[in-house]
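Peer 1: fold the following and give me the result.
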Amino acid sequence: MRRLLPTLIALVVLAAACTAGTSSSEPADPGAEGSSDSSTTTVAATSAPTTDAPSLAGTTPAPEFPEGLDWLNSGALTMEQLQGKVVLLDFWTYGCINCIHIIPDLKRLEAEYPDELVVIGVHSAKFVNESATENIRQIVLRYGLEHPVVNDADFAIWQTWGAQAWPTIVVIDPAGNVVGSHAGEGVYNVVAPVLEALVDEFDANGQLDRTPLDLPLESEGLPQTVLSFPGKVTADADRLVIADTNHHRIVVADPDTGEVAQVFGSGTAGFSDGGPRTAQFSQPQGVAIADGVLYVADTENHALRAVDLVSGEVTTLAGTGEQAWPPRGGIGVETPLSSPWDVLVHEGIVYIAMAGTHQIWAYDIETATVYPLVGNAGESTHNDVLADAELAQPSGLAVDGFGRLYFADSESSSIRWADVLAQDGLTGTLVGSDQSLFDFGDEDGIGTDARLQHPLGVAYHRSGRLFVADTYNSKIKVVDLATREITTFAGDGHGWADGSAALFYEPGGIAIWEDTLYVADTNNHAVRAIDVTSGDTRTIVLKGIERFTPAATDAAYRGEIVTLETVELAAGDGSVVLDITLPNGFKVNEDAPSSVIWQVDGSGLELEADNHSLTGTKLPVTIPVSLSEGQGTLTADLTIIYCATESEDICLIQQVRFDVPFVVGGSENSELRLPFAVEIPESLTG
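Peer 2: Here you go, the predicted structure:
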C-alpha cells in the first residue's frame, strides 16, 4: 500500500468536469471539455492498513474557513470544531451535471460512515444566479442534501484550496490535515477505501470522535407542497402531464379544470416497472405523448420509461439503472444511459436530451434500439456534422414543422439546432454565444449577440416562434425563427405573480398546445399557463390529487403522525374538535376537497359518518359524537388544502394522522380535542 500524498497538489483541470480557472473571483474560460468520466486524483484507493502499514495521516493542516459566509444545513463551522471527524469537502456548482452525478456517491458514503464522516459542500458558483444563498437553499432541498453547505460566492475557499474543476473533493483526516484530492466523477470507488483506512487508523489511536453533529436541516418544518420541484410538462387536447420530479411520480390532469385524472409512480424513489401505483421513478424530468404512450426521461435512474395511458402499466425501454460511460448504443434495455433530461417523439423516434454525456440520443420505437445521434460526448460550443459536434448539457427539446430539432444547451447558455433528418446533418447556434461556456447573461437581441442564463426548456409554436425557459433568469423568452431575434415574453426576476406581469422562479420546462404555453415553474412548485396571444398568465390549481396520496399506514405516507395521550370522557353527547391553526394569511381552499376520515378501534365513541368534508370550512371545526362507556382508539386522517387568502393560486397541502386513545366513563369531560398548528417558512408568508 503506497502512502497517500500528504499535501494538496495543484489540481489538474479536467477535460471531463465542468471546468473553471482560478485567476479571478469568477472562473475563466477553460476551452474545450471532454468526457464526463475522466478524473484526476491524489487520493490512493487503498485497503485498510495492517499493523505494519504506513500511516495515512496527512501532514499539512487544512486551511480554516473564512468568516462571514452563509451556511446552509448548519451554522458556521471551523476545522477546529471538526477535529476527530474525517472531513470531505465537495467543491460544486448546482447547474453542473457532473456535480449532480456525485451526489449519490456522497450520500452513500454518509450512510456508511454516519458518525465518522462530515461532508461539507463548498458551493462556488459558475452562474450569477447560482451564487445567491436562497437559490442554493432551493437546490439543497431539491436534491435532499443533509450535510452542511457553505456559499463560496466570491471563490474565497476555492482559491485558498487551489481548486480548478467542478466537482472536486478533498479528504481531511481527523487530526485536521489534508490527505488528498480527487477531481471529477467516480468519487465512491476512490474515496471509500481511504475512509475505511482512516477510520480504522484513527479509531485505533483514540483520535476518532463519533459524537453526532446536531445539524439544523433546511428541510425541517417545511410544508408539503402539492407538487415538488416539477421539472417538465407536456400537453395535448385532453391532458396536462407533469413530471412531479421530487415526488418521483407523473401527474396527469385536465388542462382546463386542473382535476387530476391519473398518477403514475408510487411516490418513493426507486426503479421498478409495474402498475400505476407500484411502479417507481427517480427524479423524472422530460415527458412526451405519442400514440397512447407516455415517454418519460427517468433522470436519476438513467433510463427511458414508457407508460401505457390506458392500462397505466409502466415499462423500461432503455437503460439499466447504471450511468453510462463510455456512451455506446445498442438494444435499449441492455444499454446504460446518463441523466436523460428531456424526451421528444417525432416520426417513430424518441429523441433524448442526454445531459450526462452532452449528447442527443435516439430511441427507435420499431427496433427498440438506442444510440448517440448528436455530439461526440465532448463538452463545448463546437458546431459540426451531427456526430462531431460538441454540446454542453442539453436539457430541453423541440421540433419545428420541417423536422429541425432545437435544444436548450444549458451549460453554454444557448439555444442550438440539429438537422437530424438530413443525411449529412449539421448543428448550429440559434441564439446565445457560440464561443464559450462562460458567455451568459440576460440580453435580448439577435442570434449570437443575445445572452441567456442556463436555459432548460424550449417549445415550438405554429406561428414560427420558439419559446424558451430561460431558467436562471426566471423568464420566458421567445425567438422569431425567421429573424433569430429573441425577446422577453414573460417574467422579470424570480417571484410569483399571475396576470400580465407574471413572475416565475427558475422554470425548468415548457410545452405548447394550441395557443397555451404550459410552464413547469420549478422552484414555485407549480404549473402555470400563459396565453401566447395576450401574454396573460394563470396558475393551474390541481384538484383531487389527494386521492392518489399513500394511506397513513403506507410506508410512503408523507404526512405527520400525531399520537396523543389517553383522553378520559363522559358518557352522553360529546364532540371532537379539529383544533387546526393555519398560518396568518392562509385559508382552507374553497374548491379542493379537504376532508377528515375517521376510524374507531374499540367501543364507546360513535360518529355520524366515516368521513367529514372540510372544503372551504373555517377552522377550528367541532363535530358531534355519541359517547358511551367503553374504550378504544380514535384515528383521524386529515387532509387540508390551504391557500393564500389573497391568491388561491398559492396552495399547499397538509396531511396529519391523529391517534388518540380514549376511555369513556368516570369523567365530566365531553370534548376530545385534536390540536395541530400548520407552520410554513416566512419566505412563503411574506
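
Peer 1: endpoint to endpoint, stretch 510-527 covers what distance?
Peer 2: One end of stretch 510-527 sits 9 Å from the other (CA to CA, to the nearest Å).

Peer 1: flag every buried residue along that stretch.
Peer 2: Using 16 or more other CB atoms under 10 Å as the test for burial, stretch 510-527 gives 510-513, 516-527. (Each C-beta comes from the backbone N, C-alpha and C, glycine too.)

Peer 1: point to the residue nearest the middle of the protein.
Peer 2: For the chain, the residue nearest the mean C-alpha position is residue 142 (3.8 Å; CA atoms, centre = their mean).

Peer 1: confidence score at that residue?
Peer 2: With respect to pLDDT, residue 142 has a value of 96.

Peer 1: same thing with residue 64?
Peer 2: As predicted, residue 64 sits at a pLDDT of 96.

Peer 1: got it, and the one 4 residues further on?
Peer 2: Reading off the per-residue confidence, residue 68 sits at a pLDDT of 96.

Peer 1: so what's the residue count around it?
Peer 2: Residue 68 is flanked by 7 other residues according to other CB atoms under 10 Å.

Peer 1: mind checking what secondary structure it has?
Peer 2: coil (DSSP: H, G, I helix; E, B strand; the rest coil).

Peer 1: you'd agree the residue nearest to the centre of the chain is up against residue 229?
Peer 2: Yes - counting by CB atoms under 8 Å, residue 142 does reach residue 229; the two are 4.9 Å apart.

Peer 1: any residues in contact with both of the two?
Peer 2: Residues touching both residue 142 and residue 229 (CB atoms under 8 Å, 6 or more residues apart in numbering): 245, 246.

Peer 1: phi, psi of residue 546?
Peer 2: Note on residue 546: backbone dihedrals following degrees, to the nearest 10 are phi -60, psi -20.

Peer 1: now do it against residue 459, distance only.
Peer 2: As judged by CB to CB, to the nearest Å, residue 546 and residue 459 stand 30 Å apart.

Peer 1: now do stretch 190-203: distance to the chain's middle.
Peer 2: Taking the mean of its C-alpha atoms, stretch 190-203 sits 31 Å from the chain's own mean (CA atoms, centre = their mean, to the nearest Å).

Peer 1: what about the residue lying closest to residue 526 once chain neighbours are set aside, how many residues close to it?
Peer 2: The shortest distance from residue 526 to any residue other than its chain neighbours is 5.5 Å, reached at residue 539 (CB to CB, 6 or more residues apart in numbering). Residues near residue 539, counting by other CB under 10 Å, number 22.

Peer 1: part of a helix, is residue 107?
Peer 2: Yes - counting by three-state DSSP, residue 107 is found in a helix.

Peer 1: all helices for the stretch 551-686 of the chain, in order.
Peer 2: 682-685 (DSSP state H, counting those that start in this stretch).

Peer 1: actually, the chain.
Peer 2: 97-101, 103-112, 133-142, 156-161, 187-204, 682-685 (DSSP state H).

Peer 1: by mean pLDDT, which helix or strand of the protein comes out lowest?
Peer 2: Using mean pLDDT, DSSP states H and E, the weakest-scoring helix or strand in the chain turns out to be strand 18-19, at a mean of 38.
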